[in-house]
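Colleague: the following block contains a protein sequence and its predicted model.
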Amino acid sequence: MEEIGKISQWVFHIGGTRLVVNSTTIIMTWVVIGLVLAFAWVATRGRGLIPGPWQQIAELLVQWFKELVHDALGEAYKEQYFPLICALFIFLLMCNWIGVLPGMDEPTKDINTTLGLGLMGFVIAHGTAIKVKGLKQYLKEYFEPMFFLMPLNVVGEVAKVISISFRLFGNIMGGSIIIIVVSHLVYGLLLPPFLYGFFGLFVGTVQAFVFTMLTLVYISVQIR
Amino acid sequence: MALEISGTDIVRAAAMLGAGIAMGIGALGPGLGEGMAAAKACEAIGRNPREAGMLTRTMLVGQAVAESTGIYSLVIALLMIFVVK
């Protein structure tokens, strides 16, 4: 029970400023990146017309996301945004699933990871909007439908980042706390594997998909 | 031995109580909403069983979005339990 509130940190002192880095998050993010790279290597090694099992999984994933991006953004922007969306989903899926392995922690359990990814989606969506519509039209849309509603529109855009990142963070963090508390209550007997299956695998998959879909929807709203 | 109750104890107790209330009331809305979404999805699948896969996927995504207000109250409850000292 004691491990709930604990965070392991590295503290650096560089030129009078104090830098605090969450060591678990950094290490686990690199482990996840390694796993994703390993998956890509295994899936594309010796690829052929008759796919092996790994290539089959990768092809299913890629095809499914290509259709999703095509439905959301249309033909013109499909090729440009498909790699981002697919990579985001695979990364988040691995992030949420890695907590199932013993001794591993989800990088998404840290608000910094999810807030960083949410800000990335925000910047990409608005950068796309400026590029597609032009700066003048982009700024004009904030003053619609009426002039004095501008602050509400700005707050609405910022709230999207908060909502998307806190949703992922809260789900993963809450799931891991429930696993710790319930495992403590039942002395680690019988229940924990099912809890890991539900909160780690099922909720992790759904939330990774929701995060990816919402990023895609934010981009497509800005393009339309 | 007289029992001393200081200000920090009262703050701590209030934070614990607040966490409980936040979670209890905050879980009400998402619970109702997700139940309604599931009921409608069941109706739709009963009427059109061939589309069950797509309906289930859409339902899950919608429920995960509706869940977010409950998750916010969870985050607030966690803040009150672990941060307020």
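Modeller: Yep, it's here. Residues are numbered from 1 along each chain as shown, chains lettered A, B, ... in the order given.
Colleague: now the strands: where do they sit in chain A?
Modeller: Counting by DSSP state E, one finds strands in chain A at the ranges A:9-14, A:17-22.
Colleague: which residue packs closest to residue A:106, ignoring adjacent ones?
Modeller: What sits nearest to residue A:106 in space, not counting adjacent residues and going by Cβ to Cβ, 6 or more residues apart in numbering or on different chains, is residue A:99, at 4.1 Å. Where you see a C-beta, it was placed from the backbone N, CA and C, and this is true even at glycine.
Colleague: surely that neighbour meets residue A:105?
Modeller: Yes: counting by Cβ atoms under 8 Å, residue A:105 is a contact partner of residue A:99 at 6.3 Å.
Colleague: and those two? which has more neighbours close in?
Modeller: Neighbour count, other Cβ atoms under 10 Å in any protein chain shown: between residue A:99 and residue A:105, residue A:99 has more, with 23 against 19.
Colleague: pull the contacting residues for the residue of chain B found nearest chain A.
Modeller: Chain A sits closest to residue B:71 of chain B, with a gap of 3.5 Å, by Cβ to the nearest Cβ. By Cβ atoms under 8 Å, 6 or more residues apart in numbering or on different chains, the contact set of residue B:71 is A:166, A:167, A:170, A:171, A:174.
Colleague: any stretches of the chain with poor pLDDT?
Modeller: Picked chain A for this. A:1-5 (pLDDT under 70).
Colleague: try again with chain B
Modeller: Checking chain B against pLDDT under 70 turns up B:1.
Colleague: so how far is residue B:64 from the most centrally placed residue in it?
Modeller: Ranked by distance to the mean C-alpha position of chain B (Cα atoms, centre = their mean), the top residue is residue B:70 at 2.7 Å. Per Cβ to Cβ, to the nearest Å, residue B:70 is found 11 Å from residue B:64.
Colleague: ok so, going back, any chance of the contacts of residue B:71 in JSON lines, with distance to chain B and neighbour count too?
Modeller: Converted to JSON lines, the contacts of residue B:71 look like this (distance: Cβ to the nearest Cβ, whole Å; neighbours: other Cβ atoms under 10 Å in any protein chain shown):
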{"residue": "A:166", "distance to chain B": "6", "neighbour count": "20"}
{"residue": "A:167", "distance to chain B": "4", "neighbour count": "24"}
{"residue": "A:170", "distance to chain B": "4", "neighbour count": "23"}
{"residue": "A:171", "distance to chain B": "6", "neighbour count": "26"}
{"residue": "A:174", "distance to chain B": "5", "neighbour count": "19"}
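Colleague: ok so, going back, which residue packs closest to the residue nearest to the centre of chain B, ignoring adjacent ones?
Modeller: That would be residue B:30: by Cβ to Cβ, 6+ apart, it lies 3.7 Å from residue B:70.
Colleague: so the one you found makes contact with residue B:62?
Modeller: No: the criterion here is Cβ under 8 Å, and residue B:30 misses it with residue B:62 at 11.5 Å.
Colleague: what's near enough to touch residue A:91?
Modeller: Per Cβ under 8 Å, 6+ apart, neighbours of residue A:91: A:32, A:33, A:36.
Colleague: residue B:80 now?
Modeller: Contacts of residue B:80 by Cβ under 8 Å, 6+ apart are B:15, B:16, B:18, B:19, B:22.
Colleague: what about the second one, which SS state?
Modeller: With DSSP: H, G, I helix; E, B strand; the rest coil as the basis, residue B:16 sits in helix.
Colleague: check contacts around it.
Modeller: Residue B:16 is in contact with B:80, B:81, counting by Cβ under 8 Å, 6+ apart.
Colleague: from residue A:182, how far off is it?
Modeller: Taking Cβ to Cβ, one finds residue B:16 at 20 Å from residue A:182.
Colleague: hmm, back to that, return the most buried member of the strands of chain A.
Modeller: strand A:17-22 (a mean of 11; mean count of other Cβ atoms under 10 Å in any protein chain shown).
Colleague: including distance to chain B, could the strands of chain A go into CSV?
Modeller: Shown next, in CSV, are the strands of chain A (distance: least, Cβ to the nearest Cβ, whole Å):
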stretch, distance to chain B
strand A:9-14, 15
strand A:17-22, 15
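Colleague: and chain B, is stretch A:111-128 touching that?
Modeller: No: using Cβ under 8 Å from any Cβ of the partner chain, stretch A:111-128 stays clear of chain B, with a minimum separation of 8.8 Å.
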